[in-house]
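J.: No sequence on hand, only this structure:
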């Protein structure tokens, strides 16, 4: 398949864009990456995602797919015969993965963002406590989903690994900027080790933005446009 | 093995109704319990400890939460009368519109419902802009799913009855036939479809309920500032 048949419109620091790229890497799909200037969105982006005008957008044979987790499921289905499956095969395991992915995008995302936007030490402390509560739930989910293996998805990175792992760059920035340890070897030992494995994985390491580069952006939340 | 399928919902929840619809459309034998959310059952609390919300589907003792996750689980587990198409691109589009319904349409309509005065005017304007995307998507289609009811129809189906309820309570028409001919036709067709038409919660009871929900917002707006 020609590289130009698959395009990703994105913005490198975005965790949502990372998801699409990790999925494509797992399936060994070559693609053209078009870096968007979010202050001045391209015609192609506006045409491909007229409803939200947001990245990432995957364009496959000129047909656009929008929304990062929908893109991941699409990649898994469109290239089902290439590489390992991204979603589990069992319907119940799929439902569990989707449930936690939705939880990550709702509860985890807002808790992470609240730390950045917290005004004053009290608010910050409360926001951090909130995030740690979320992490404890996710630690439990990790234990249940991984069943003793390396990733939420088992021996290999799967849907939930991608959904949550894509936020690790921003988690590190938040830890650095607030001088706090959020992923803790003692409180969340499973996730602590999982995070290292995830970031080192072949499908991830080339697309995970460096913590320093993200810190430079000085944004208080992951870019979601 | 005897299948045990139980659905926890409420008499009025549109999210619970989605799960009810798909089980009926697939001819699945199931029991349902209408929860009293002011006095949640131990079964609900135990089955959805993360959110403590309805709906929850319990299949052979294993709980699944989040209505869109439930829809996909049911579609994958009981293969008759499929709700999602086979083609990956069409599946991605179906998921996109279901998500758009929950992320944007629901929020915008709810704002139009609870806001007062100038804020309500603005909220109605925004809701209309959001609904225009749905009108556009229905061009050349009988249902969002195409010729027959699909995932996005079940996800957006609450519009078919709740819009009428909201309009009655606030005294403003939100979906005018002249402005939204396709959406209006879809609402009617969906509302009268087999299974769907037999399961609407009683209209007057809904009006009473939502009028009561709106009361505090009206009262707050009427307070002298």
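T.: Thanks, I have the structure now. Note that the structure is predicted; figures quoted are calculated from it, not measured.

J.: which SS state does residue B:33 fall under?
T.: Three-state call for residue B:33 (DSSP: H, G, I helix; E, B strand; the rest coil): strand.

J.: what pLDDT does it get?
T.: Listed pLDDT for residue B:33 reads 98.

J.: Next up, the contacts around it.
T.: Each residue near residue B:33 by CB atoms under 8 Å, 6 or more residues apart in numbering or on different chains is listed here: B:6, B:7, B:8, B:9, B:41, B:43. Using the backbone N, CA and C atoms, a C-beta is placed for each residue, glycine as well.

J.: Repeat that for residue A:153.
T.: Neighbouring residues of residue A:153 by CB under 8 Å, 6+ apart: A:86, A:88, A:97, A:145, A:159, A:160, A:161.

J.: which stretches of chain B form strands?
T.: B:5-9, B:31-34, B:56-59, B:62-65 (DSSP state E).

J.: picking that back up, mind giving me a markdown table with the contacts of residue A:153 and columns for secondary structure?
T.: Formatted as a markdown table, the contacts of residue A:153 follow (three-state DSSP):
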| residue | secondary structure |
| --- | --- |
| A:86 | coil |
| A:88 | coil |
| A:97 | helix |
| A:145 | helix |
| A:159 | helix |
| A:160 | helix |
| A:161 | helix |
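
J.: Format those as JSON lines; extra columns: pLDDT.
T.: JSON lines is the format used below for these (pLDDT from 0 to 100):
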{"residue": "A:86", "pLDDT": "98"}
{"residue": "A:88", "pLDDT": "97"}
{"residue": "A:97", "pLDDT": "98"}
{"residue": "A:145", "pLDDT": "96"}
{"residue": "A:159", "pLDDT": "98"}
{"residue": "A:160", "pLDDT": "98"}
{"residue": "A:161", "pLDDT": "98"}
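
J.: quick one on the thing from earlier: what's the most buried one of the strands of chain B?
T.: Counting by mean count of other CB atoms under 10 Å in any protein chain shown, strand B:56-59 has the highest mean neighbour count of the strands of chain B, with a mean of 24.

J.: Can you convert the strands of chain B into TSV and add a column each for distance to residue A:14?
T.: Shown next, in TSV, are these (distance: least, CB to CB, whole Å):
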stretch	distance to residue A:14
strand B:5-9	36
strand B:31-34	41
strand B:56-59	33
strand B:62-65	28
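
J.: sorry, back to before: quick check, nearest of the contacts of residue B:33 to residue A:5?
T.: residue B:7 (43.0 Å; CB to CB).

J.: wait, isn't the closest one in contact with residue B:15?
T.: No: contact between residue B:7 and residue B:15 fails when scored by CB atoms under 8 Å: they sit 11.2 Å apart.

J.: what is in contact with the two at once?
T.: Common neighbours of residue B:7 and residue B:15 (CB under 8 Å, 6+ apart) are residue B:55.

J.: coming back round to it: check the contacts of residue B:33 one by one and keep those near chain A.
T.: Here nothing survives when the contacts of residue B:33 are matched to chain A using CB under 8 Å from any CB of the partner chain.

J.: who touches residue A:34 in this structure?
T.: So residue A:34 contacts A:7, A:8, A:9, A:10, A:42, A:44 (CB under 8 Å, 6+ apart).

J.: for chain B, what are the nearby residues on chain A?
T.: A:51, A:60, A:63, A:65-67, A:70-71, A:73-74, A:77-78, A:91-92, A:94-96, A:98-99, A:102-103, A:137.

J.: Buried by neighbour count, from those residues: which ones?
T.: For the residues of chain A next to chain B, a burial check counting by 16 or more other CB atoms under 10 Å in any protein chain shown picks out A:60, A:65-67, A:70-71, A:73-74, A:77-78, A:91-92, A:94-96, A:98-99, A:102-103.

J.: from the residues you listed, which ones fall inside strands?
T.: Per DSSP E, these map to strands at A:60, A:65, A:66.

J.: Quickly list the domain ranges of chain B.
T.: Following automatic domain parsing, chain B resolves into domains at B:5-77, B:88-222.

J.: domain ranges for chain A?
T.: Using the TED database, the domain ranges for chain A come out as A:6-79, A:91-220.

J.: of all these, which lies closest to residue B:221?
T.: domain A:91-220 (27.1 Å).

J.: just how off-centre is that closest one within its chain?
T.: Offset of domain A:91-220 from its chain centre (CA atoms, centre = their mean, to the nearest Å): 9 Å.

J.: Next: stretch A:46-56.
T.: 19 Å.

J.: Run through who's touching it.
T.: A:8-11, A:14, A:16-17, A:19-20, A:36, A:38, A:41, A:45, A:57, A:59, A:64, A:66-68, A:71, A:224-225, B:100, B:133.

J.: quick one: buried residues of it?
T.: Using 16+ other CB under 10 Å as the test for burial, stretch A:46-56 gives A:48, A:49, A:54, A:55, A:56.

J.: got the residues you listed as a markdown table, with distance to residue B:199, secondary structure and pLDDT columns?
T.: What follows is the buried residues of stretch A:46-56, written out as a markdown table (distance: CB to CB, whole Å; DSSP: H, G, I helix; E, B strand; the rest coil; pLDDT from 0 to 100):
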| residue | distance to residue B:199 | secondary structure | pLDDT |
| --- | --- | --- | --- |
| A:48 | 38 | helix | 97 |
| A:49 | 35 | coil | 97 |
| A:54 | 35 | coil | 96 |
| A:55 | 39 | coil | 96 |
| A:56 | 38 | coil | 97 |
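
J.: between those, which is nearest chain B?
T.: Closest approach to chain B among those (CB to the nearest CB): residue A:49, at 9.7 Å.
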